[in-house]
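Engineer: Sharing a model that was predicted from the sequence below.
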Amino acid sequence: METIQKCKKSKIRCSVIGLSAEIFICKHLCQETGGSYSVALDESHFKELLLEHGPPPPAIAEYAIANLIRMGFPQRAAEGVISICSCHKEAKVGGGYTCPRCKARICELPTECPICGLTLVSSPHLARSYHHLFPITPFDEVSLTLNNPHHMLPRTCFGCQLSLLNPGNKPSLRVACPKCKQHFCLDCDIYIHESLHNCPGCESFRHSRSVSATGE
């Protein structure tokens, strides 16, 4: 009990996944510290409970003080340019990145500039670190009815470009993004929502729109 009170005083949130019957002290620990207590019923349920702890839980409002972090988004150096790498302390040709503050050369991102200490990242790194805050909308299963003629459906998956037709040119199970209306196979649906965290259809539509706006 003393340890539980110390955890509570230190704002340590404890969660427990039990593999046997419910235990009072574990439940009491989770209740006092604001965590969650679950008991796994079988192997698949245990995996499900474990994956629920992957995304970080919401921070406690009274202790979630916002701190601004200064970051730099360096541009990739031109090929063929000779510069001294601040990481390896030697001259290298082309590639690498240039720190926007001190103009030092860095080989890879993300990292901290060895010269001025600025945190250097690329925009995709930053976007991927916050994907759990803006999850992709679940795709809708396409119903193969008379209102949706087979010849009007896309024949290939927009993601992997594999055929969405079964033997006999009959359409197979597919899903569609509710925003861009592009069709995907079930494998791409799983990959997009669990690993990629970006819809290829929406991204290509956004890219083409920005290119056309730049051209105008």
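Structural biologist: Sure, I can see it.
Engineer: where does this structure have low pLDDT?
Structural biologist: For the chain, the stretches with pLDDT under 70 are 59-66, 78-80, 127-133, 145-151, 207-216.
Engineer: Run through the helices of this structure in chain order.
Structural biologist: For the chain, the helices defined by DSSP state H cover 2-9, 24-33, 43-51, 123-129, 186-191, 200-215.
Engineer: In the fifth one, which residues are buried?
Structural biologist: Neighbour counts over helix 186-191 (16 or more other Cβ atoms under 10 Å) mark 188, 189 as buried. Placement of C-beta: from N, CA and C, glycine included.
Engineer: Enumerate every residue touching the residue found closest to residue 193 once you drop the neighbours it is linked to in the chain.
Structural biologist: Nearest residue to residue 193, sequence neighbours excluded (Cβ to Cβ, 6 or more residues apart in numbering): residue 136, at 5.7 Å. Contact analysis of residue 136 by Cβ atoms under 8 Å, 6 or more residues apart in numbering lists 192, 193, 197, 198, 199.
Engineer: Please apply the same query to residue 119.
Structural biologist: 69, 70, 71, 72, 110, 112, 113.
Engineer: didn't the second one look like it was pressed against residue 118?
Structural biologist: This means residue 70. Yes - assessed by Cβ atoms under 8 Å, residue 70 is found in contact with residue 118 at 6.5 Å.
Engineer: of the two, who's got more company?
Structural biologist: residue 118 (17 against 8; other Cβ atoms under 10 Å).
Engineer: picking up where we left off before, report the buried members of the contacts of residue 119.
Structural biologist: By 16+ other Cβ under 10 Å, the contacts of residue 119 give 72, 113 as buried.
Engineer: Just the contacts of residue 119: which are in strands?
Structural biologist: 71, 72, 112 (DSSP state E).
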